[in-house]
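Asker: sequence? don't have it. structure:
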């Protein structure tokens, strides 16, 4: 594709969509950003922000008009996208050729199945844990200098959201990525105490790790409103995680030509949230 290609980014205000919009604009592409609330999108100047809901195909025809490639998400909120066939038909009828799909699970989602069956040049993006999940510690770090967490041996190859976006940008605008499934990690697999140490080093002050018991962390999750299914998933991810969750892969550098961003860099970019 040339630098005049138009890319539709769905989930444009999300953790991956927002940096993807910015990176595509910087590279000289036209960007159409889909959001349910354009008035609150606060996206970079130069993006064409349009109203629409991926879960409601009736809101999408105008968004797809004149688009060469589309970045798709598989969830709307916490609910899986189930109207994949309608989305793919709209995209194909509009002349869209390429699609990246941000996976939400290791298994194929209904949207992925529809994309694969619909004749688009697809690339699947399978990130492990987002570094932004660490923001759940921000209040206690800022207010008390403490992180309370269980399972101190659990490792995660957390990935910077901008690196997921960078892989998506390359796949959407360059050749050689059709039919590929990219599993995306950061450059290190870190345990909770190691993450806390990095936060403290970046902030330049002591941040303590306080280990919670299994019962204490479950009670904390319940207090945050999570149900049994969510809690069961959280426990599995921490006590018997899939190997992919803690295995560092070179995907970011292989696809983009640049090393994956470190957790320390992510903390520096978000230092205000932690009281720095």
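Answerer: Looks like it arrived, so ask away. Since the model is a prediction, treat every value here as computed from it, not as a measurement. Numbering: from 1, shown residues only.

Asker: Run a quick neighbour tally on residue 34.
Answerer: Neighbour count for residue 34, taken as other C-beta atoms under 10 Å: 28. Every C-beta, even on glycine, is put in place using the N, C-alpha and C of the backbone.

Asker: Contacts only, for the nearest residue to residue 46 once chain neighbours are set aside.
Answerer: Of all residues not flanking residue 46 in the chain, residue 25 sits nearest, at 4.8 Å (C-beta to C-beta, 6 or more residues apart in numbering). Neighbour list for residue 25: 31, 44, 46, 47 [criterion: C-beta atoms under 8 Å, 6 or more residues apart in numbering].

Asker: and the gap between the third one and residue 26?
Answerer: Okay, so that is residue 46. 9 Å (C-beta to C-beta, to the nearest Å).

Asker: what residues are shared contacts of the two?
Answerer: Common neighbours of residue 46 and residue 26 (C-beta under 8 Å, 6+ apart) do not exist.

Asker: all strands for the stretch 151-276 of the chain, in order.
Answerer: Taking DSSP state E, counting those that start in this stretch, the strands of the stretch 151-276 of the chain run over residues 180-184, 208-211.

Asker: Please name whichever of these is nearest to residue 10.
Answerer: strand 180-184 (18.1 Å; C-beta to C-beta).

Asker: Please name the strands paired to that closest one in the sheet, noting orientation.
Answerer: Applying DSSP bridges to the sheet, strand 180-184 is found paired with strand 121-127 (parallel).

Asker: Could I get the average pLDDT for the partner strand?
Answerer: Averaged across strand 121-127, the pLDDT comes to 97.

Asker: Check stretch 179-187 too.
Answerer: On average, the pLDDT along stretch 179-187 is 97.

Asker: Okay, buried residues for that stretch please.
Answerer: Going by neighbour count (16 or more other C-beta atoms under 10 Å), the buried part of stretch 179-187 is 182, 183, 184, 185, 186, 187.

Asker: can those residues go into a markdown table with extra columns for distance to residue 237?
Answerer: Converted to a markdown table, the buried residues of stretch 179-187 look like this (distance: C-beta to C-beta, whole Å):
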| residue | distance to residue 237 |
| --- | --- |
| 182 | 21 |
| 183 | 16 |
| 184 | 17 |
| 185 | 15 |
| 186 | 16 |
| 187 | 20 |
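
Asker: thinking again about what came up before, farthest-apart pair in the contacts of residue 25, please.
Answerer: Across the contacts of residue 25, the longest distance by C-beta to C-beta is 8.4 Å; it joins 31 and 44.

Asker: These two: which is more packed in?
Answerer: Using other C-beta under 10 Å as the criterion, residue 31 and residue 44 rank with residue 31 on top: 24 against 17.

Asker: Confirm that that one sits in a helix.
Answerer: No. Counting by DSSP: H, G, I helix; E, B strand; the rest coil, residue 31 is not part of a helix but strand.

Asker: isn't it right up against residue 7?
Answerer: Yes. Counting by C-beta atoms under 8 Å, residue 7 is a contact partner of residue 31 at 5.6 Å.

Asker: Need the overlap of contacts for these two.
Answerer: residue 24.

Asker: circling back: find residues that contact each of residue 31 and residue 44.
Answerer: Common contacts of residue 31 and residue 44 (C-beta under 8 Å, 6+ apart): 21, 25.

Asker: Against which helices or strands is the strand or helix carrying residue 147 packed?
Answerer: Counting by DSSP states H and E, the element that carries residue 147 is strand 146-149. For strand 146-149, the elements it packs on are helix 138-144, helix 192-203, strand 208-211, judged by 3 or more C-beta pairs under 8 Å, 6 or more residues apart in numbering; DSSP states H and E.
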